[in-house]
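Q: Sequence and predicted structure below; questions after.
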Amino acid sequence: MTYHLTLFVIVIILAVIAVMAKNMLFSAIALALVSIGVSLILFTFGSPWAAVFELSVCAGLITVLFISAISLIQKEEKFLNESRIRFMLLPLALIIAAIASWIYIVPFFESLSKYPHLNIHNYPLGQIIWKNRVFDLIGQICILAAGVFAIKSIFPRPVRDTRAKDLLKGAEKVNNK
Amino acid sequence: MTISLLAYLLIPLFSAVLIQFVSRNKENLADIIGNITLFAGLLNISYLIFNPVNFKLSFSNIAQDGFTLLMIFMIYLVAFSVSLFSTGFLTKEKNRHHFHSLILVSVSAMCGIVTAGDFFTLYIFVEALAVASFALIAFDDNEKGIEAAIKYFLLTFPASIFILLGMAILLFTTSTFNFAGLQNIVAGGYLSSPIMSGVILILLGFLIKSGVFPFHTWVLDAYQGAYSPVSAFLAGTITKIAGVYAVIKIAMIFKFFDLKLYKISETLMFIGAASILFGAIAAMRQKDFKRMLAYSSISQIGYIIIACGLATPLAILGAIFHMFNHAAFKTVLFLNGASLEKSLNTTNMEKMGGLEHSMPWTSWSSVIALMSTAGIPPLSGFWSKLLIIVALWEGGAKGYSVTAIGAGIITLAYFMVMQRKVFFGKITDAAKKAEEMPALMLAPVMILCAVIIMSGILFPYCYNYLIETITRTIL
Amino acid sequence: MTNIFSLDWYFISLLFFIGLYCMLVSRNMLRQIIGLEIMSKSCLLAIILSGVATNNVNLAQAIAITMILIEVVVVAIGLSVLIKAYRITGSIDLWKLSKLKG
């Protein structure tokens, strides 16, 4: 159990680093490490499939997305002068939140831990996904379609004429130089 | 989720994918496919609901949930109107096939929400709808659309986190998300305070998504900044289905008033009354046409929330009927706003004036819609407000019912001011050049006006439909 | 003495707080999305923990897999509109978004 709790502490420290880091690239990598930590915690909970998805998708794919976005807007980082004081206050705020949470949240879940449970049949994962919750799959298709169309409409194909005009403008600039 | 209604979900999804492949270089084909799909769905669902045989059998032949059917009818009605309107509204250089496939996907997601029988299924479709509507808000390439989209993003997705936390507690305490299962738990009297804490978190998330008074900021920016037909679609159905529908559903399951959950009931009613008053008072001072309509929309959502807080059967009926009516009249007003924007190139009300001569159809249709909003007797808005006010009076919340009546008068006042400024009065320079919209863009407005008038005149039919099909599931 | 179940919830609440703090404080849109990610991680843990505690872990896993998919779509959409905002306005500062007022 100490392994389990140590992982939680590491995840929280990494999350604090991800929020406080000044460099966005560093922040994204810390987020990826948070994901890896979370997937290890999921594994200790005895839910290997969720852990695998978390590891491959959140730690892999989302980090790639973040890093590519950061590399596209890297110049901005130098101009965005956020005041660092509010981020430096995070550990202090976290300590206050930790004390408050110890007073309010722990007793609540302490009382919940003796909550009576119905006897549920724990079906195998495949049956739950493909039989009991088959409508979720339609929902997933729907959200994937929505995501694809959304990205396509946010970055539409440029109309051919304007592209030709842009090319001409670029050629003129080169000629002028 | 009911399998018999799955076609309303899958066919738009299929058409949306089809449009992407077929009409890549033929933009007119996208218009045709999108409109035909929505029109066919509208005809189909109208046949299910408005078949005269139903009335003779006192609706006993409708096996499905009446609430779901009414919502599907509303979704298809508004989506068809918006899609037909934007066929004329979109300019040449816009990517029509993206617009139509996003509209179709959001219709599909909304049908998923209203047919879901499970909190988690509902949540997935809510997210799908949020993604689609997010892209629709950002459809206009200018700064305003992007800003509105970012503000929408930064409030909607944190709200979903609250919903998920609530569902985690629900999973722990009841081991089920199923509406029927939860109804059994409520009926068996197993409701405990941990279950309610999960429900409160879910309720909080959906209240943020529906944009009531303390969480209203994104509504104003999204409605004002979005592409004009999209504002109509957002105000008419998207925010109602994504937020308010779930609030009504929770109120139907957990019956706050019967179960002596007075604190939740009181809080919801207070939020409702606050947003009614806030929306109505703030709308009086607006200069922008779309922003004023957004405030008015917040005020109308307040009526639905106040009825959900009471959650007696009559109040729920009033809430459902008001949601339907609100979809009709608010879409008319926003589409008229879009027409004004197209012909005058501005949404500032101070530059408009005397438009009744140049745009008579637009002018008189918005008179009908605003009279319905304010609750003038023969029109549909009067009946739904009457149901809510009577339910509040019977439920003992007399102060709130007086508030609702008072806010109705304020609504009438600000719409009269708007109508006098924009359509009557002196003709301004900008208004001289204005022209009436083509018939293609007037047709959807006329259809919706007909719906407003008919559902007001045929109120006994609507009332019977609501009583027979919806109370069956509530009680 | 507290048991392991409530300690898990305690850490989840702290993780949630960090994400919320990040979203409240920052005016950088990219950092807002990172805050959102941290919050949804805490939700994922909460769902799995509830599943484990009620001996219903497979249902919780099915839900968690769907949640991860939704998370990816949401992050992709958020980042794409961020890049578009950067191209149009030349900034990712939230405070510079003030065109819409009434």
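A: Received the coordinates, thanks. Numbering: from 1, shown residues only, chains lettered A, B, ... in the order given.
Q: and the next element down the chain from the longest helix along chain A?
A: The longest helix of chain A (DSSP state H) is helix A:90-112. Heading C-terminal from helix A:90-112, the first helix or strand you meet, by DSSP states H and E, is helix A:125-127.
Q: And the helix or strand following that following helix, what's buried?
A: Using DSSP H and E, the next helix or strand after helix A:125-127 towards the C-terminus is helix A:134-154. Using 16 or more other CB atoms under 10 Å in any protein chain shown as the test for burial, helix A:134-154 gives A:135-136, A:138-140, A:142-154. All C-beta atoms are positioned from the backbone trio N, CA, C, and that covers glycine.
Q: residues from the stretch 301-450 of chain B in reach of chain C?
A: Within the stretch 301-450 of chain B, no position is near chain C by CB under 8 Å from any CB of the partner chain.
Q: on that earlier part again, can you tell if the longest helix of chain A touches chain C?
A: Yes: using CB under 8 Å from any CB, helix A:90-112 comes into contact with chain C via A:90, A:93-94, A:97-98, A:101-102, A:105-106, A:109-110, A:112.
Q: Please tabulate these in TSV and include distance to chain B and pLDDT as additional columns.
A: Supplementary listing: the residues of helix A:90-112 next to chain C in TSV, determined by distance: CB to the nearest CB, whole Å; pLDDT from 0 to 100:
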residue	distance to chain B	pLDDT
A:90	18	83
A:93	18	85
A:94	18	86
A:97	16	86
A:98	18	87
A:101	14	85
A:102	18	86
A:105	11	82
A:106	15	82
A:109	9	79
A:110	12	79
A:112	6	76
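Q: hmm, back to that, from the buried residues of helix A:134-154, which are also near chain B?
A: Near chain B, by the rule CB under 8 Å from any CB, you find A:135-136, A:138-140, A:142-143, A:145-147, A:149-154 out of these.
Q: and residue 4, what pLDDT?
A: In the absence of a named chain, this looks at chain A. On pLDDT, residue A:4 comes in at 84.
Q: The intended chain is chain B.
A: 74.
Q: since we're on it, how many residues are nearby?
A: Neighbours of residue B:4 under the rule other CB atoms under 10 Å in any protein chain shown: 9.
Q: Check residue A:111 too.
A: Residue A:111: 12 neighbours (other CB under 10 Å).
Q: Neighbour-wise, give me the winner out of the residues of helix A:90-112 next to chain C.
A: residue A:109 (24 neighbours).
Q: is it true that that residue touches residue C:12?
A: No: contact criterion CB atoms under 8 Å: residue A:109 and residue C:12 do not qualify, at 9.6 Å.
Q: what do the two both touch?
A: By CB atoms under 8 Å, 6 or more residues apart in numbering or on different chains, residue A:109 and residue C:12 have no common neighbours.
Q: in the longest helix seen in chain C, what counts as buried?
A: Longest helix in chain C by number of residues (criterion: DSSP H): helix C:57-89. Going by neighbour count (16+ other CB under 10 Å), the buried part of helix C:57-89 is C:57-86.
Q: which residue sits closest to residue 49 in space, ignoring its chain neighbours?
A: All of this refers to chain A. Of all residues not flanking residue A:49 in the chain, residue C:61 sits nearest, at 5.1 Å (CB to CB, 6 or more residues apart in numbering or on different chains).
Q: Chain C is the one I meant
A: Closest to residue C:49 by CB to CB, 6+ apart is residue C:8, at 5.4 Å.
Q: doesn't residue A:8 make contact with the one you found?
A: Yes: with contact defined as CB under 8 Å, residue C:8 and residue A:8 form a contacting pair (7.3 Å).
Q: hmm, back to that, which strands and helices lie in contact with the longest helix of chain C?
A: helix A:48-53, helix A:63-72, helix A:125-127, helix A:134-154, helix B:119-137, helix B:143-174, helix C:29-53 (3 or more CB pairs under 8 Å, 6 or more residues apart in numbering or on different chains; DSSP states H and E).
Q: is any part of the second one close to chain C?
A: If I follow you right, that is helix A:63-72. Yes: under the criterion of CB under 8 Å from any CB, chain C is reached by helix A:63-72 at A:65-66, A:69-70, A:72.
Q: Kindly supply the PyMOL command isolating those of those that are buried.
A: Of these, the buried ones go into a single PyMOL selection, burial set by 16+ other CB under 10 Å:
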select buried, chain A and resi 65+66+69+70
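Q: Output the residues of helix A:63-72 next to chain C as a markdown table; include the columns pLDDT and distance to residue B:54.
A: Listed next are those as a markdown table, based on pLDDT from 0 to 100; distance: CB to CB, whole Å:
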| residue | pLDDT | distance to residue B:54 |
| --- | --- | --- |
| A:65 | 91 | 51 |
| A:66 | 90 | 54 |
| A:69 | 88 | 54 |
| A:70 | 87 | 59 |
| A:72 | 84 | 57 |
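Q: Would you agree residue B:270 falls within a strand?
A: No: assignment of residue B:270 by DSSP: H, G, I helix; E, B strand; the rest coil gives helix, placing it outside any strand.
Q: so which strand or helix has the closest residue to it other than its chain neighbours?
A: Spatial nearest neighbour of residue B:270, excluding adjacent residues (CB to CB, 6+ apart): residue B:309 at 7.9 Å. Here residue B:309, judged by DSSP H and E, is contained in helix B:289-310.
Q: Determine the three-state secondary structure at residue B:377.
A: Residue B:377 ends up coil, using three-state DSSP.
Q: On the pLDDT front, check it for me.
A: Model confidence at residue B:377 (pLDDT) stands at 81.
Q: Quick check: phi and psi on it?
A: phi -40, psi -60 (degrees, to the nearest 10).
Q: number of nearby residues for it?
A: Residue B:377 has 10 nearby residues by other CB under 10 Å.
Q: Residue B:31 falls within a helix, correct?
A: Yes: using three-state DSSP, the assignment for residue B:31 is a helix.
Q: Quick check: residue B:375 touching residue B:407?
A: No: contact between residue B:375 and residue B:407 fails when scored by CB under 8 Å: they sit 9.9 Å apart.
Q: can you list the residues of helix A:90-112 next to chain C in TSV and add distance to residue B:421?
A: Output for the residues of helix A:90-112 next to chain C, formatted as TSV (distance: CB to CB, whole Å):
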residue	distance to residue B:421
A:90	50
A:93	49
A:94	53
A:97	51
A:98	56
A:101	53
A:102	58
A:105	53
A:106	59
A:109	57
A:110	61
A:112	57
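Q: Quick check: residues of chain B near chain A?
A: By CB under 8 Å from any CB, the residues of chain B that approach chain A are B:1, B:6, B:9-10, B:13, B:16-17, B:20, B:93, B:95, B:98-99, B:101-102, B:105-106, B:108-109, B:112, B:116, B:118, B:120-121, B:124-125, B:127-129, B:131-132, B:134-135, B:138-139, B:172-173, B:175, B:194.
Q: Sounds good, over and out.
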